[in-house]
Structures are given as structure tokens and as C-alpha cells.
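J.: need a structure here:
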Amino acid sequence: MVVDGESKGVLEVNNQEDLYTVVDGLPDGEHDLLLHRRTEPLVGVTQFLEFVPAEGEALLPVPPAPERRIEVIGDSISAGYGIDGADETCPFTSDTENNYLAYSARIGRLLGADTTIVAWSGRGVVRNYDDEAADTMPKIYGRTIADEAQPAWDFSSWVPQVVVINLGTNDFSINVPGDAQFREPFTNAYAGLVETVRKNYPEAFIFCTIGPMLSDSYPEGAEALTRARAYIGKVVNDRKASGDDRVSLLEFPAHNGEANGLGCDWHPSAKTNELMATQLSTAIKGELGW
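T.: All right, here's what the predicted structure looks like:
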């Protein structure tokens, strides 16, 4: 919860329809309230039904939404996994996930943009973390509710000017297939996702990114960063060669745990996410003039 620009902690909810006290004890006058979901779809679905003001108080008209719109398609990094964790040794919990501090949410505040985030920890482009048998992000992307095939999302209902794809970290996680077996399936799946985005949003600028957790040192011998850079770079170059000049490759530097700390399970810290948002903001300004 953010009240008048200041964080007021976490609103804990249950799995029943209920009425919650969001904030009380405020002085008389106008106040601004922002509710931001911190957690990702694997934790469950949230439905907002209504806001009930205290007796004698009234709701003021909601300001118009920003004209600038950014869509982020990603995994745990974009979801905000482990940002509030003490260090890399803690496991996943909903208490330490904080999307509000993730680069994917920060970028909207930096650029005055409305932002939607489609992200699920452990999911990849063509294979999930440790080959988990679950839908990959290209399958999830077109859904209204992430783990339900129907209803499909109406892409005409919210059209962004910028789409950021930050995927591949899980594809290159444990037991990565060799280049001969993996290059074509990955590039085909990634290219298919980019083509879907382009069909949905013909005018959007698409940033295909390399995440800060990718490294040539892990998994040992997989050359994950080098291969991800080559595979995704090929997709971008092929699109440019075909005449699509509104797509670009952006690489986030490897995160520096010694300098900026680490979140749970070696995920980017709040400071690293801040740096990522700044880098992405600069790139978006450069391409769109925002």
C-alpha cells in the first residue's frame, strides 16, 4: 500500500471474499491511495470488487491513466522474486517477493507510464527451470488468467507503445541441452513470441533483453550467456533484416552481489532492479523520445 506517496506496509489478504481496512487514522483532507500487487500468479488470483470509503467520506474522481504504456513479459526477475529477502540463501516466499521494487514496475514510475507485467517464476521460452512440466511463457502470454487457458486476453483492450521481453534465464538453467539440440527450438519459439507481440501491437517498440542472472560460469560448461546472446540476437537481427525497425536487443549487465546485494536464490536485489530500470529508461527514451 502506498498512501500519499509513502509506503504503508503490506495488506495481507485471505482466499475468501472479504472487506479489509486499508488505512485509517489519516488527517482530514484529500489523500492518494495506490494498491500494488507484490506477488505473481503462482500465489493465486486476486479480484478487486469495490472500495468502500469510511462513513461520511467520499471517493474523488480517479485521475486519467497515463497515455504511455509499457508491457513486460518475463519470469521471476520481472515478478520481483526475493527482492525483500536478506540474501541469496533464502527460498521463495510470498513475503519476500515485491514486484513494486522490481525493474518492471519501477520503469513505469520512472517514465510516467502505465505498466502491465506478465511474469511467472521458473517459466521459459521453450523449457522451464529444470525442465518443469508446466506451460511456458509463450503459452501463458495470451491468457487473461495465467493458469487458465480460457478466457483469452483481448489484446485490443490495452495497447502499449513499448513491450519488454526478459526471458531465457530459465531455458539456460539446469541441464541445458547442447547447442545442436537447442539452438533451433529456442530461436523458433522466441521468434514466434516476438511475432505474436508484433501482430498484437503493430506499432510497439519491442526490447528483447538479456537478463542479469545469465552467466557463462553457470551452469558449468553451458556457456549460457554467450548462447542466449547469440540466439536472441539472431531473432532481433532476422526481424530487422525483414524490415521490422522497431525491435532492439538490450543486455542488462550481470548483477553484482558484492556491490549491490542479492535477493533470495541469487535473484537481483532492489538496488540491481533500480539500476536495470534506469538502463531500460534510458533505452526507451532514446528510441521513443519520452
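
J.: show me the biggest helix of this protein in terms of residues.
T.: Counting by DSSP state H, the longest helix found in the chain is helix 179-200.

J.: and the closest residue to Leu26 other than its chain neighbours, what does it touch?
T.: Distances taken as CB to CB, 6 or more residues apart in numbering put Val3 closest to Leu26, at 7.3 Å, once the chain neighbours are dropped. Just so you know, the C-beta spots here come from the backbone N, C-alpha and C atoms, and that holds for glycine as well. By CB atoms under 8 Å, 6 or more residues apart in numbering, the contact set of Val3 is 23, 26, 31-34.

J.: ok, Val3 to Glu30 distance?
T.: According to CB to CB, to the nearest Å, Val3 stands 12 Å off from Glu30.

J.: hang on, the earlier thing: what about the contacts of Val3, which are in strands?
T.: Of these, the ones assigned to strands by DSSP state E are 33-34.

J.: now the contacts of Val3 in a markdown table, with distance to Ile174 and pLDDT?
T.: As requested, these are arranged in a markdown table below (distance: CB to CB, whole Å; pLDDT from 0 to 100):
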| residue | distance to Ile174 | pLDDT |
| --- | --- | --- |
| Val23 | 43 | 86 |
| Leu26 | 49 | 87 |
| His31 | 48 | 90 |
| Asp32 | 45 | 90 |
| Leu33 | 42 | 89 |
| Leu34 | 38 | 89 |
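
J.: What subset of the contacts of Val3 is buried?
T.: Neighbour counting with 16 or more other CB atoms under 10 Å marks none of the contacts of Val3 as buried.

J.: can the contacts of Val3 go into JSON lines with extra columns for distance to Glu132?
T.: Formatted as JSON lines, the contacts of Val3 follow (distance: CB to CB, whole Å):
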{"residue": "Val23", "distance to Glu132": "39"}
{"residue": "Leu26", "distance to Glu132": "45"}
{"residue": "His31", "distance to Glu132": "43"}
{"residue": "Asp32", "distance to Glu132": "40"}
{"residue": "Leu33", "distance to Glu132": "37"}
{"residue": "Leu34", "distance to Glu132": "33"}
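
J.: Can you pull the phi/psi pair for Ile165?
T.: Phi and psi for Ile165, reported as degrees, to the nearest 10, are phi -110, psi 120.

J.: Spell out which residues sit in contact with it, please.
T.: Residues in contact with Ile165 (CB under 8 Å, 6+ apart) are 73-74, 193-194, 197, 206-209.

J.: burial measure for Leu110, as a count.
T.: When neighbours are counted by other CB atoms under 10 Å, Leu110 registers 18.

J.: Quick check: which element contains it?
T.: Per DSSP states H and E: Leu110 is located in helix 103-111.

J.: Which SSE is immediately downstream of that helix?
T.: The helix or strand immediately downstream of helix 103-111 is strand 114-119, counting by DSSP H and E.

J.: got a list of contacts for the next helix or strand after that following strand?
T.: Going down the chain from strand 114-119, the next helix or strand is helix 137-140, by DSSP H and E. Outside helix 137-140, the residues within contact range by CB under 8 Å, 6+ apart are 73-75, 118, 120, 123-125, 146-147, 167, 189, 192-193, 196.

J.: Report the two of those residues separated the most.
T.: Comparing every pair within the contacts of helix 137-140 by CB to CB identifies Asp147 and Gly192 as the most remote, at 20.9 Å.

J.: for the nearest residue to Leu167 once chain neighbours are set aside, what are its contacts?
T.: Leaving aside its chain neighbours, Leu167 sits nearest to Val125 (5.0 Å; criterion: CB to CB, 6+ apart). Residues counted as contacts of Val125 (CB under 8 Å, 6+ apart) are 136-138, 167-168, 171, 186, 189-190, 193.

J.: Lys8 too?
T.: Lys8 sits in contact with 1-2, 23, where contact means CB under 8 Å, 6+ apart.

J.: now do Ala191
T.: 235, 238-239.

J.: of those residues, closest to Val163?
T.: For the contacts of Ala191, the residue nearest Val163 by CB to CB is Arg239; the value is 12.9 Å.

J.: Measure how whatever helix or strand that closest one lives in sits relative to helix 179-200, angle-wise.
T.: If you go by DSSP H and E, Arg239 is part of helix 224-241. Here helix 224-241 runs at an angle of 40 degrees relative to helix 179-200 (axes from the mean of the first three to the mean of the last three CA atoms, to 10 degrees).

J.: Name the residues of helix 224-241 that are buried.
T.: Across helix 224-241, burial judged by 16+ other CB under 10 Å covers 224-225, 227-229, 231-232, 234-236, 239.
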